[in-house]
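J.: turn this into a model:
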Amino acid sequence: MDLRSLRYFIAVLEAGSLSRAAGTLYIAQPALTAQIKKLEAELGTQLFDRSHAGVTPTPAGLQLYDDARRLLSDADAMRERIQRLPQGPEGSVTVALPFLLASLLIGPVLARLKASHPRIRVFVLDDLSLLVKKAMLDRRADVGLLVDSPQVDGLSCRPLAREPMFFCGCDSTGELARHLQASGGRKTTTRRAANAIPEIDFGLAAAQPLVLQSRRFAIRRSVEDAATALGVSLDIVHEHDSTRVIRSLYTSGAGFTFTPACALPEASTPNRPGWIVARVVRPDLSRTYTLATPVDRVPDAATQVVIDALSQEARRMIEAGEWNAQWLGRR
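T.: This is a model prediction of the structure:
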């Protein structure tokens, strides 16, 4: 006896006819008749009285009907209870990361987690790099991606990736483009490959009119540190903390800016005559990302899933060429 046979039996009794029941069950009537006869043989009793008008349940059939309905109801309830059990890790995880990196990385990560672990809820804190570190130290985030912070007291840190910095803006006169170099220090030509990103010496970039954020931002501090080391001055014509304002300024030709590789898709989009994007060299400017968790808290199962998703997606994007960066994480 199986549950399917009992469902067939109930359908026949409620329909009062083998032919009508066969229609509702979408099976052939001979097959349904065979199932009912098999059930009667297993129970050793007749369940229906048959006539040209249809079928009528015997006393044994009526008893089986009551018992079968309870049994099938219990089976359905058991299935629902099992399906409601947690399927893999579940819980809430808060991730803190710099907002420029968030625009590139967090979307694919959240999509991946939604498909693989729908019971995990991820909250995102995207902010300045200094505030990302503070969120981790204040225990407001479970996982953080820190900028240029290889070690932080109170946090367990491991390297994730390093990305170069780029110089971009509108070279309306074409004067600056003549000084750009192909990768490796060779002079560029006007017919260089469209997908080849040239290089620019930091000293030359620093001498251009610059649109930068304040020293609260890691990019500004990196640029100023490099300028101090070379003994050059920066020509800052606009200073604003809003990334939208900065982008509006440099895309309109008000000056040049420095941007990390994770923001390169946005920096490369303006379709303007004289638009340049060049990697900063001599010295190379770069940002290193560290994956951090509280040192005294072992990540639970849900947090570990998020950590793995961040690492795997970052590595995938780097290897696929979607993020111009060097993978530093675990192989």
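
J.: who are the packing partners of the helix or strand where Glu163 lies?
T.: In the assignment (DSSP states H and E), Glu163 maps to strand 155-170. On a contact count with 3 or more CB pairs under 8 Å, 6 or more residues apart in numbering; DSSP states H and E, strand 155-170 meets strand 143-147, helix 243-251, strand 257-260, helix 264-267, strand 275-281, strand 286-294, helix 301-319, strand 326-327. Any C-beta I mention is one placed from the backbone N, CA and C, and that applies to glycine too.

J.: 6 Å instead?
T.: Under the contact criterion of 3 or more CB pairs under 6 Å, 6 or more residues apart in numbering; DSSP states H and E, strand 155-170 touches strand 257-260, strand 275-281, strand 286-294.

J.: partners of the last one, with directions?
T.: In other words, strand 286-294. strand 143-147 (antiparallel), strand 155-170 (antiparallel) (DSSP bridges).

J.: centre of the chain to the shortest one, how far?
T.: On the basis of CA atoms, centre = their mean, to the nearest Å, strand 143-147 is displaced by 16 Å from the centre of the chain it belongs to.

J.: tell me the buried residues in it?
T.: Of all the residues in strand 143-147, those buried under the rule 16 or more other CB atoms under 10 Å are 143-147.

J.: mind listing what's buried in the lengthiest helix in the chain?
T.: Criterion DSSP state H: the longest helix present in the chain is helix 59-84. For helix 59-84, the neighbour count (16+ other CB under 10 Å) marks 61, 64-65, 68 as buried.

J.: want to throw those into a markdown table with pLDDT and distance to Gly44?
T.: Output for the buried residues of helix 59-84, formatted as a markdown table (pLDDT from 0 to 100; distance: CB to CB, whole Å):
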| residue | pLDDT | distance to Gly44 |
| --- | --- | --- |
| Gly61 | 92 | 13 |
| Leu64 | 93 | 12 |
| Tyr65 | 91 | 17 |
| Ala68 | 92 | 16 |
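
J.: ok, the spatially closest residue to Asp235 that is not a sequence neighbour to Phe256 distance?
T.: Nearest residue to Asp235, sequence neighbours excluded (CB to CB, 6 or more residues apart in numbering): Pro209, at 5.3 Å. For Pro209, the distance to Phe256 equals 7 Å [CB to CB, to the nearest Å].

J.: and Gly169, what is it in contact with?
T.: Shown in contact with Gly169 (CB atoms under 6 Å, 6 or more residues apart in numbering): 250, 256.

J.: now stretch 28-46: how far from the chain's centre is it?
T.: Worked out by CA atoms, centre = their mean, stretch 28-46 lies 54 Å from the chain centre.

J.: list of residues touching that stretch?
T.: Contacts of stretch 28-46 (CB under 6 Å, 6+ apart): 1, 5, 8-9, 18-19, 22, 47, 58, 60.
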